[in-house]
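Visitor: Here is my input; please provide its structure:
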Amino acid sequence: MRVVLLDGAGYIGSVASHYLVSHGHHVTVVDGLIYNRGDDPGQLLPNTTAFVSGDLRDPALLADVCDGADAVVHLGGIVGEPACRLDEELAVELNYAAPMIAAEAAAGAGVGQYVFFSSCSVYGRHEGTVDEDTEPNPLGIYARTKVLAERRLPDVLAGVSKFTTLRLATVHGSSPRQRLDSVVNSMASRAVATGRIPLNGGAQRRPLVHVGDVAEVLAGVMAENLAGAWNVGSDQENHTIADIAETVAAVVPGSKIQRGPERDETDARDYRVSFARLQRHMPGACATALKHGVQEIADLLATRTIADPDEPQYDNHRGLADAFTADRVRSLRSLACRRYQAEYTAATWGRP
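Guide: Next up is the predicted model:
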């Protein structure tokens, strides 16, 4: 299968590219490398992967890379609420306009499948257990852009491409393009570097998934040509923030939990997710346990593969701030971007 990975040189994409190539797929990665960490795509990606450097808001570029593709996978965007708040206009362009422009290109090229990477963050805050039929409750810019893209992409792709949404649990574990700003990776790296595990509150619930399992699910979805929305994770990996801290303390010798306020008011997300639908179609998917991802991060620091976890390159919020300062990324305000910005501004959250 000829697969195009948009933003495929990132934390998840670099893992997915290796997995797909190892299973016989021909992969083309398109990435703007906006964080400019000095990454060499040749070091991040398999040797057989074609790499195209470019802006995912460029219709001509997207039309070119979609030509002849069997599947297009959109992994791109600004991840996380803190990074999105740096520039809401840019977040909307990269998280909403870009996947819509890519869908137009995919439909125009007759691509058979379009996979959009979303997030369980769309659920926001819910009592009980949520599943794919639960009404989203987006609490910030990041989740709102994801919800709106989920709603609008099927309109663009109708009659041409099968549309699949992967709502990821919080991802952890090691990658060629490492991030340390997600909750598991952050706690684990802090534990090794300082011996302390910061914990604000702890009762908030988070589903977790290992980055390698995400790549495996992506391959499975394409192999089975599955459509619709899929929560990606496993029921066994629904944890509280306190559970995560306790696991890190058990894995990292000598580390201790440093408790802060009862609740972190900067992040109100709290949800337990059902992954039953995925398990029915892919029994045993996402089986990698939390402690495995924690150990991977601990090993990266213990072996000095990562010497300083505080470097901005490992944090999307700080890395994006540096990109702004260096003028490596900005809002385009193209005609298409302005149109999708207007849709985002006009959207009413909480109902289709």
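
Visitor: quick one: stretch 102-111 to chain centroid distance?
Guide: Relative to its chain's centre, stretch 102-111 lies at 22 Å (C-alpha atoms, centre = their mean, to the nearest Å).

Visitor: So which residues of the stretch 51-200 of the chain form helices?
Guide: Remark: helices assigned in the stretch 51-200 of the chain by DSSP state H, counting those that start in this stretch are 59-66, 81-86, 88-92, 98-109, 141-157, 183-194.

Visitor: show me where the stretch 201-350 of the chain has helices.
Guide: Using DSSP H, counting those that start in this stretch, the helices assigned to the stretch 201-350 of the chain run over residues 211-224, 241-251, 276-281, 290-302, 316-325, 335-346.

Visitor: Let's have those helices in TSV, adding mean pLDDT.
Guide: What follows is these, written out as TSV (pLDDT from 0 to 100):
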stretch	mean pLDDT
helix 211-224	97
helix 241-251	96
helix 276-281	96
helix 290-302	97
helix 316-325	88
helix 335-346	95
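
Visitor: could you dump those helices to JSON lines with mean neighbour count and distance to Leu6?
Guide: (C-beta placed from N, C-alpha, C; glycine too.) Output for the helices of the stretch 201-350 of the chain, formatted as JSON lines (neighbours: other C-beta atoms under 10 Å; distance: least, C-beta to C-beta, whole Å):
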{"stretch": "helix 211-224", "mean neighbour count": "21", "distance to Leu6": "13"}
{"stretch": "helix 241-251", "mean neighbour count": "20", "distance to Leu6": "30"}
{"stretch": "helix 276-281", "mean neighbour count": "15", "distance to Leu6": "23"}
{"stretch": "helix 290-302", "mean neighbour count": "20", "distance to Leu6": "25"}
{"stretch": "helix 316-325", "mean neighbour count": "18", "distance to Leu6": "17"}
{"stretch": "helix 335-346", "mean neighbour count": "15", "distance to Leu6": "15"}
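
Visitor: Can you add distance to Val147 and give these back as JSON lines?
Guide: Output for these, formatted as JSON lines (distance: least, C-beta to C-beta, whole Å):
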{"stretch": "helix 211-224", "distance to Val147": "20"}
{"stretch": "helix 241-251", "distance to Val147": "23"}
{"stretch": "helix 276-281", "distance to Val147": "19"}
{"stretch": "helix 290-302", "distance to Val147": "27"}
{"stretch": "helix 316-325", "distance to Val147": "20"}
{"stretch": "helix 335-346", "distance to Val147": "10"}
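
Visitor: Could I get the pLDDT score of the residue nearest to Cys66 when sequence neighbours are not counted?
Guide: Excluding the flanking residues, the one nearest Cys66 by C-beta to C-beta, 6 or more residues apart in numbering is Ala109, at 4.0 Å. On the pLDDT scale, Ala109 is placed at 97.

Visitor: got the residue ranges for the strands in the stretch 1-150 of the chain?
Guide: Assigned by DSSP state E, counting those that start in this stretch, the strands in the stretch 1-150 of the chain fall at 2-6, 26-31, 50-53, 71-74, 113-119, 125-130.

Visitor: Most tightly packed of the ones you listed?
Guide: Ranked by mean neighbour count under mean count of other C-beta atoms under 10 Å, the strands of the stretch 1-150 of the chain are led by strand 71-74, which reaches a mean of 28.

Visitor: That one: partners in the sheet, and parallel or antiparallel?
Guide: Paired strands of strand 71-74, with direction, are strand 2-6 (parallel), strand 113-119 (parallel) (DSSP bridges).

Visitor: wait, Ala16 sits on Glu216?
Guide: No - the pair Ala16 / Glu216 is not scored as a contact, 9.2 Å apart, by C-beta atoms under 8 Å.

Visitor: Tell me how far Tyr123 lies from Asn95.
Guide: Separation of Tyr123 from Asn95 (C-beta to C-beta, to the nearest Å) stands at 17 Å.
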